[in-house]
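Q: Need coordinates for the below:
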Amino acid sequence: MQNELFDKNLKAMGGGEYKELKTELQKIKELREFSYTFGKDSLNINIIKKRSLKAIYKSPLSELEEKIDFFKDYDRYPALFFYGLGNGILYKALLQNKHHKRIIVFEKEIEIIFIVLNLLDLSEELRKGRLILIYTPHMTYTKADTIFSLDSISRFFKTYTLYTHSNFYKNYEEDILKVNTLNLKAIKNISLRKGNDPRDALRGIEQFVCNIPKMINHPSYQTLLKKRRNTKNENVAIIISTGPSLAKQLPLIKEYANKATIFCADSAYPILAKHNIKPDYVCMMERDEIVAECFNNDFKEFDQGITFVVASLVHKNTIDYLERNKRSYILVTRPLSFASSLKLREFGYMSCGMSVAHMNYELANTLNYKNIVFIGQDLAYGSKGESHTKNFLHEKLHDGHYQRDLNKFTTLAYGGKGEVQSSKIWTLFREIFENFISANNKNNIKTYNCTEGGARIEGTIEKPFKEICETLLKKDLKKPFPKIPKLPKEQRNELMLEAYKKIKKQMSLSETFLKECKKIKNQLAALKRGKLKITLDQLNQNLDKLKARLDLKRYNFLLEILGPTLYHEESIIATLYVKSIKNESERQNKLFAWLYAHESLIESIFELVTIQNLTLKKAIIPLQDELEKKKLI
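A: Numbering: from 1, shown residues only. Have a look, this model is predicted:
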């Protein structure tokens, strides 16, 4: 086999996601587990397991017709999920429906995939990503997370079901359970990452805009990378977090601090200062005022040579504390919608994950460290129920959490022996780390977990910290690292002026958008009162135009404030969107229900965009003052 059709299909399977599967397929020289048969009709293809002589279909043609008929009720589903590739013909047929943006098929048998790719031309569907094939021995949480993060899938979680199209696949119950569990975990975690409170987004936008002058008049993130990117693979990054196990490692960290680059969390910084362990980088990503208190201290000359890498949306107190004690800092932009819309690329981008430990890991990775060591990354409660290490600043905020979480989030312990008590958020943090590490393993980056306590983080190499110190930390590094200069004055002025103009233009666009939004809002209110003066179809067209406007690139700056609301509200009405209709009466009923369901969403959009514009009018003042002082406006 391995004919021209097979080569054409493989060529269409582009990107790194298919690399492992293509390697496995190209190894096959003969079929050992399965055979296939043809009937007179070109669609009459069956596949038989040689040992048991069990066929996938009793009657391929009639079962195909039956399934095509069954899925007519699913004709508006943007995504369908199946366990079992079979002969592949059903999926080829279903993809004739343009409403199906994605069909994702999980298959455990490599030879079944091999047979189908030799017999069917699926190249266009594979190339466009409308058909996604997953070989389940390669299935991981990372793959599930990637799939369910796709735009055509992420708003339709409530419609997710994993179908089997043939009784043959009932023999794969254990594998089906594994796949389904990973998929449901991805759905849950992505929903958590989307957030549910627009106030958080608004606070971040307000603080980011207020901080723009400070950000631009300090060294940029891209300059940091150019000046500090590591070219020596043997250099080691030690990332210090504040899990319960940190205290026992402090003497060894102090002994070897000059032989490694030390990255630490904001909350670890005062603890290290107390033990006279100087970090090279201190990261902070949170927008909350209380987190700023980690920097409300004065360690005098200890701070010299430390670079504070702080997300550009932090509270103003963070910057006040940094400046009060003359600390060297940079503000780095996260790739959130509003900040990205200003295109201040010189100062971005760090995704930061969901914790400051993720931010440290990303920074170490981007600086090209090939050996990254975790210390204090417990992601679990200590043996006495403690959430963090001794002298942790915000310990009181976690009172009662151990009792709240007891036996709800247990996970495998460090070293693989027994279990430890974790929490909902730590479980999510751990899974994000496992995603990052899985990707980094392919890039020959070694991640060592030397926490010697807490939860196991899959993908890390568990080693005693002393062993890593003795084997990897041989030479003193030349510290402090090179200074990071600011951008030239003219460039800084130009960037501030451009940012100011963009924000003013966005505020004007918002006003135009709000006029259209108010018009639709009033029409939906009239519909509810039974006083609508236009047809349902006209109202639906107006609604579609408004929603289409949000999809335009120039309106991306609104998506951060609207994101949680759009995601959660549209998830609710997704089940209505996919509902099949059979006649004009059903169409009218569905249209009425569809419009009625949008009233709350449009109200929320109008309110949030109004609040964002009012907030920007206030937040832009420091930038405006700076430009006026320089006589640039």
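Q: Let me know the next secondary structure element after the longest helix along the chain.
A: Longest helix in the chain, counting residues (DSSP state H): helix 489-529. Downstream of helix 489-529, the next assigned helix or strand under DSSP states H and E is helix 536-551.
Q: For that next one, which residues meet the burial criterion?
A: Of all the residues in helix 536-551, those buried under the rule 16 or more other CB atoms under 10 Å are 539, 542, 543, 546, 547, 549. Where C-beta positions appear, they are placed from N, C-alpha and C, glycine not excepted.
Q: what sits against the closest residue to the second one other than its chain neighbours?
A: Excluding the flanking residues, the one nearest residue 542 by CB to CB, 6 or more residues apart in numbering is residue 520, at 5.6 Å. Listed by CB atoms under 8 Å, 6 or more residues apart in numbering, the contact set of residue 520 reads 539, 542, 543, 546, 602.
Q: could you measure the third one against residue 605, distance?
A: Distance of residue 543 to residue 605, computed by CB to CB, to the nearest Å: 11 Å.
Q: got any ranges where this protein has weak pLDDT?
A: Within the chain, the segments meeting pLDDT under 70 span 1-2, 196, 231-234.
Q: Domain-wise, how is it divided?
A: Following automatic domain parsing, the chain resolves into domains at 4-194, 220-472, 489-629.
Q: closest one to residue 202 among those?
A: Closest to residue 202 of those is domain 489-629 (CB to CB; 5.8 Å).
Q: for the stretch 251-400 of the chain, what spans make up the helices?
A: Counting by DSSP state H, counting those that start in this stretch, one finds helices in the stretch 251-400 of the chain at the ranges 269-274, 289-292, 316-324, 337-341, 356-366.
Q: Return the most buried member of those helices.
A: Neighbour counts (mean count of other CB atoms under 10 Å) averaged over each of the helices of the stretch 251-400 of the chain peak at helix 356-366, with a mean of 24.
Q: name the helices or strands packed onto that helix?
A: Under the contact definition 3 or more CB pairs under 8 Å, 6 or more residues apart in numbering; DSSP states H and E, helix 356-366 sits against strand 236-240, strand 261-265, strand 281-284, strand 307-311, strand 371-375, helix 424-441.
Q: Please compute how far it lies from its chain's middle.
A: 15 Å (CA atoms, centre = their mean, to the nearest Å).
Q: Please renumber the chain so that the first residue is 41 from this point on.
A: Let's use 41 as the start, then, which means that last one is helix 396-406.
Q: Assign a three-state SS to residue 287, would you?
A: Secondary structure, DSSP: H, G, I helix; E, B strand; the rest coil: residue 287 is helix.
Q: Could you report the separation of it from residue 492?
A: Relative to residue 492, and taking CB to CB, residue 287 is found at 12 Å.
Q: repeat for residue 138
A: For residue 138, the distance to residue 492 equals 55 Å [CB to CB].
Q: Comparing those two, which shows the higher neighbour count?
A: residue 492 (18 against 7; other CB atoms under 10 Å).
Q: follow-up on the earlier one: any idea how far the longest helix of the chain is from the middle of the chain?
A: 27 Å.
Q: Out of the buried residues of helix 576-591, flag the one nearest to residue 104.
A: When these are compared against residue 104 (criterion: CB to CB), the nearest one is residue 587, at 36.7 Å.
Q: now for the strand or helix carrying residue 106, which elements pack on it?
A: Assigned by DSSP H and E, residue 106 falls within helix 100-110. Other helices and strands packing on helix 100-110, by 3+ CB pairs under 8 Å, 6+ apart, are helix 129-134.
Q: No more questions from me, cheers.
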